[in-house]
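Undergrad: Fold the following for me, if possible:
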Amino acid sequence: MEKFQSPLSPVNDRHNGNGNGNGKHTPQFLPIYPSEKIDEQNEELDLLQILAIFRRRWPVVLGVAVAAIAATAFHTLNQTPIYEGKFRILVEPVTAESNLAELTPIGNNLRNTGLDYQTQIQVLQSPELLANIVKQLQRRYADLTYSALISNLTITRPQETKILEIRYRSSNPEKIQVTLEHLAQGYLKYSLEERQTNLRQGIQFVEDQLPLLQRRVDQLQEQLQAFRQAHNLINPEAQAPKLADRSAALAQQRLEIDKKLAETRTYFMTLQEETGAVAALNEATLYQQLISQLREVETEIAAESTRFQTQNPEIQVLLEKRERLLPLLRQEAKRVLGIELAKVATEIQTLNVRSQAISRAEAQLRQQVQQLPFLARQYTDLQRQLQIATESLDRFLANRETLQIEAAQTEIPWQLLAAPDKPQVPISPNIQRSLLLGVVSGILLGIGTALLLEKLDNVFRSPDILQEKTKLPLLGTIPFCEQLQSDREQVLLGNMTTAISRSFHTFIPDRQNLSGHYQTSTFLEAFRLLHTNIRLLSSDTPIRSLTISSALPSEGKSTIAVNLARAAAAMDQRVLLVDADLRRPQVHGLLDLPNLRGLSTAIATDLSLQEVIQAVPAIENLSAITSGQIPPDPTKLLSSRKMQQLMESVRDDFDLVIYDTPPLIGLADASLLATHTDGIITVVGMGKTKQATLKQALNSLAISHTPVLGLVANGLQRSAASSYGYYYYQNYQPHVEPTNGELTADE
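TA: Numbers count the residues shown, from 1 in each chain. Next up is the predicted model:
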């Protein structure tokens, strides 16, 4: 076999002028390799996709919507009518509050807190208040209980008014009126008697508690004053920052003392060494004078030694002078060093004393800091107790004034604004609203169900989704044809020859009748467009050979191959259709050709190409090589050197060579042949091919570095294909009217 070429080698060879390794020039286009995997993320659907979903799923939307509307209507029409009655009570005088509020310093707050409406509503719904009312109602309605009454009773305050609105619901309008009348009488009685009594009891309780609270506040104030005096502090929280600042200052002083002490000790030790002594003597004036004199004498001795001998009197005088200076020099050095050492020792002692003083101050400060949390806690406890006691005292004083004013206000009884009446119109069910909500919810539920089914559906439904998911060129869209579906049923019944022959001659006219069915059929025009798109892929050199396959069987690849070959032949191209599917061949049946000798025979024997190539009857320029006898190992034959030589030979003799190959999933046949052609076209059955299956097939092509020319969407329904046609049916009456179905004229 030839050496396997890199997928990018056709492009490189094109620029270098080397061809494609088969002795022929590579078409001038950039093959697409399926290195990008199918995007599995669900992107937002655009309007056209949503409309396409509705066209496919309209029975689901309609069924769910009708079911929801029917259920809503049935439930609404079978509900028991519910009535509601109400009455209103004015619980506070309209002007009395503002006048009484001015009598107290907290009167500005009484405008909003004169009556706690939420609490009042809870009281009106309490079992104690409703017990007598329930007993009275039970004389007429024995089954009425407190729970039944309170479950249908609603008390609200309309906005910020001084009115309470009492509502009661029941299926019996007369019961509603009777119940509301008893409630109105009971609440008015409560406003005159029990509510006044409760307010007076509250005032008496507050007045009894005020002296105790006052004494408690006084005791706590005295304890707080004694605590401050005993510990000489006003506020422990303010004392803490002062102690912290003082501690920081002492720490800074200690650092400075320790640093200076270390430097002084180091200097003291240096003085005891030769280097330090020399440095100290360099600063002694008298010592430096003696050194200067000694240097002068030595200079004179050196000068005279050049002229006289050592025994010369002048030299002897100079030597004696030097001997007298040396003891003085040593004595002065000892004196200077002694003074300096004493000075440094005194300074070290002083620094030690200061360090000890700082240590004592730090110890005292640490003791104060340790006591501070305990003192702060005691102080905080006293403050909190005093605050609680003071707040309680203030609250009781405010409540006493509030209760006194409220008691004055309640001297005026509640007023019934609207007497209870017998309701005439039920509030539930609202048939019009319920049906409207049923329609809206049914439509929304149907739409949601359709979208959910579409999301769960992993099958390609439209060419747009196919192109969006794969990011590969869509070369053609083949519409559904019912004639092929009926022919497939004939094949399944065993009448293959008759069915295929009838179908083929129905859709493949001869060259002399180009104005007939071929020119007007949407199905065949799709193949013209497919062939045109394939030719446009090449900018200079046309595509000479291609492979057609699909991910799985029954996606229409053989039908695509046959009709594409027919369309190319109709455009004056010499076309050879090779049935390379040595497992389940279909081309000979579709073209009604004998299959005694074919591709397998040419590879396995010494037959020449001329002996296996057959001219297709009634179709000019179209020849075919059938599969021949099915071999035991098709892959071995297709990967043989002779197969490659055959492909090179037919490429020179024809304008276009089309190879119909087995499916991609699980088989290597298509990939083996496609690497020696200009590329592969993958057929995708609309409504049949799953996204995961096509992804697996494209990934296998990517692994084998097989160039992919593009995709063909096969079996497109009329509703989805409407935007892809253009006056195909104008002034034309087809032999067989296409209807919905499935294009499966393949394996």
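
Undergrad: What about residue 364, how many residues nearby?
TA: Residue 364 is surrounded by 11 other residues when neighbours are defined as other C-beta atoms under 10 Å. Where you see a C-beta, it was placed from the backbone N, CA and C, and this is true even at glycine.

Undergrad: next one: residue 684
TA: Burial measure for residue 684: 27 neighbouring residues, criterion other C-beta under 10 Å.

Undergrad: Give me the phi and psi for it.
TA: Backbone torsions for residue 684, taken as degrees, to the nearest 10, come to phi -120, psi 120.

Undergrad: Give me the distance from the top helix by length along the chain to the chain's centre.
TA: Longest helix in the chain by number of residues, with DSSP state H as the criterion: helix 313-409. Taking the mean C-alpha point of helix 313-409 and that of its whole chain, the gap between them comes to 60 Å (C-alpha atoms, centre = their mean, to the nearest Å).

Undergrad: ditto for stretch 529-542
TA: Between the centre of stretch 529-542 and the centre of its host chain there is 43 Å, according to C-alpha atoms, centre = their mean.

Undergrad: Go through that stretch and flag the buried ones.
TA: The neighbour-count check on stretch 529-542 (16 or more other C-beta atoms under 10 Å) flags 529, 530, 531, 533, 534, 537, 538, 542 as buried.

Undergrad: The last one is in contact with residue 534, isn't it?
TA: Yep, that's residue 542 we're talking about. No: counting by C-beta atoms under 8 Å, no contact exists between residue 542 and residue 534, whose distance comes to 9.1 Å.

Undergrad: and the gap between the residue lying closest to residue 397 once chain neighbours are set aside and residue 385?
TA: For residue 397, ignoring the flanking residues on the chain, the nearest one in space by C-beta to C-beta, 6 or more residues apart in numbering is residue 210 at 7.0 Å. Computed with C-beta to C-beta, to the nearest Å, the distance linking residue 210 and residue 385 is 18 Å.

Undergrad: Repeat that for residue 158.
TA: Using C-beta to C-beta, one gets 45 Å for the distance from residue 158 to residue 385.

Undergrad: Have a look at the two and say which one is more surrounded.
TA: In this view residue 158 and residue 385 are compared by other C-beta under 10 Å, and residue 385 has more residues nearby, 16 against 10.

Undergrad: residue contacts, the nearest residue in space to the more buried one that is not next to it in sequence?
TA: If the residues on either side of it in the chain are set aside, residue 385 comes closest to residue 220, at 5.4 Å by C-beta to C-beta, 6+ apart. When contacts are counted by C-beta atoms under 8 Å, 6 or more residues apart in numbering, residue 220 is found next to 382, 385, 386, 389.

Undergrad: Most neighbours among those, please name it.
TA: residue 389 (20 neighbours).

Undergrad: so it makes contact with residue 217?
TA: Yes: under the contact definition of C-beta under 8 Å, residue 389 touches residue 217, with a separation of 4.7 Å.

Undergrad: In three-state terms, label residue 206 for me.
TA: helix (DSSP: H, G, I helix; E, B strand; the rest coil).

Undergrad: cool, and the one 3 residues further on?
TA: Secondary structure assignment for residue 209 (three-state DSSP): helix.

Undergrad: Quick check: it touching residue 395?
TA: No: under the criterion of C-beta under 8 Å, residue 209 lies out of contact with residue 395, with a separation of 10.3 Å.

Undergrad: Need phi/psi at residue 126.
TA: Here is the backbone geometry of residue 126 (degrees, to the nearest 10): phi -70, psi 150.

Undergrad: Check the gap between it and residue 153 for me.
TA: Computed as C-beta to C-beta, the residue 126 to residue 153 distance reads 12 Å.

Undergrad: more neighbours, those two?
TA: residue 153 (18 against 12).

Undergrad: and the residue nearest to that one when sequence neighbours are not counted, what are its phi and psi?
TA: When the adjacent residues along the chain are set aside, residue 153 lies closest to residue 168, with 5.5 Å between them (C-beta to C-beta, 6+ apart). The phi and psi torsions at residue 168 (degrees, to the nearest 10) take the values phi -140, psi 140.

Undergrad: Now do the contacts for residue 168.
TA: Here residue 168 is in contact with 84, 85, 86, 152, 153, 154, 176, 179, 180, 183 (criterion: C-beta under 8 Å, 6+ apart).

Undergrad: Skipping adjacent residues, who's closest to the third one in space?
TA: In this case it means residue 86. Distances taken as C-beta to C-beta, 6+ apart put residue 167 closest to residue 86, at 4.4 Å, once the chain neighbours are dropped.

Undergrad: Same check on the second one?
TA: Closest residue to residue 85 apart from its sequence neighbours, by C-beta to C-beta, 6+ apart: residue 176 at 4.1 Å.

Undergrad: Please report the number of neighbouring residues for that neighbour.
TA: Burial measure for residue 176: 24 neighbouring residues, criterion other C-beta under 10 Å.

Undergrad: Pretty sure it sits against residue 86.
TA: No: proximity of residue 176 to residue 86 does not meet the contact threshold set by C-beta under 8 Å, at 9.1 Å.

Undergrad: between the two, what contacts are shared?
TA: In terms of C-beta under 8 Å, 6+ apart, residue 176 and residue 86 are both contacted by the residues 168, 420.

Undergrad: quick one: the helices in the stretch 601-747 of the chain?
TA: Remark: helices assigned in the stretch 601-747 of the chain by DSSP state H, counting those that start in this stretch are 609-612, 634-638, 641-653, 669-674, 691-703, 718-721.

Undergrad: Buried deepest among those, which one?
TA: Highest mean neighbour count among the helices of the stretch 601-747 of the chain (mean count of other C-beta atoms under 10 Å): helix 669-674, with a mean of 25.

Undergrad: Can you name every helix or strand that it contacts?
TA: Contacts defined by 3 or more C-beta pairs under 8 Å, 6 or more residues apart in numbering; DSSP states H and E place helix 669-674 against strand 545-550, helix 634-638, helix 691-703.

Undergrad: How far away from the center of its chain is it?
TA: Counting by C-alpha atoms, centre = their mean, helix 669-674 comes out at 42 Å from the chain centroid.

Undergrad: For that helix, output the C-alpha coordinates as PDB.
TA: Included here for helix 669-674 are C-alpha records, laid out as PDB according to Å, rounded to 0.1, in the frame of the first residue of the first chain:
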ATOM      1  CA  ASP A 669     -14.400   0.700   4.600                       C
ATOM      2  CA  ALA A 670     -15.500   4.200   3.900                       C
ATOM      3  CA  SER A 671     -12.400   5.800   5.700                       C
ATOM      4  CA  LEU A 672     -10.100   3.500   3.700                       C
ATOM      5  CA  LEU A 673     -11.500   4.700   0.400                       C
ATOM      6  CA  ALA A 674     -12.000   8.300   1.300                       C
END
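
Undergrad: quick one: contacts of it?
TA: Among residues not part of helix 669-674, those counted as contacts by C-beta under 8 Å, 6+ apart are 547, 549, 580-583, 634-635, 638-639, 643, 647, 659, 661-664, 680, 700-701, 704, 706-707.
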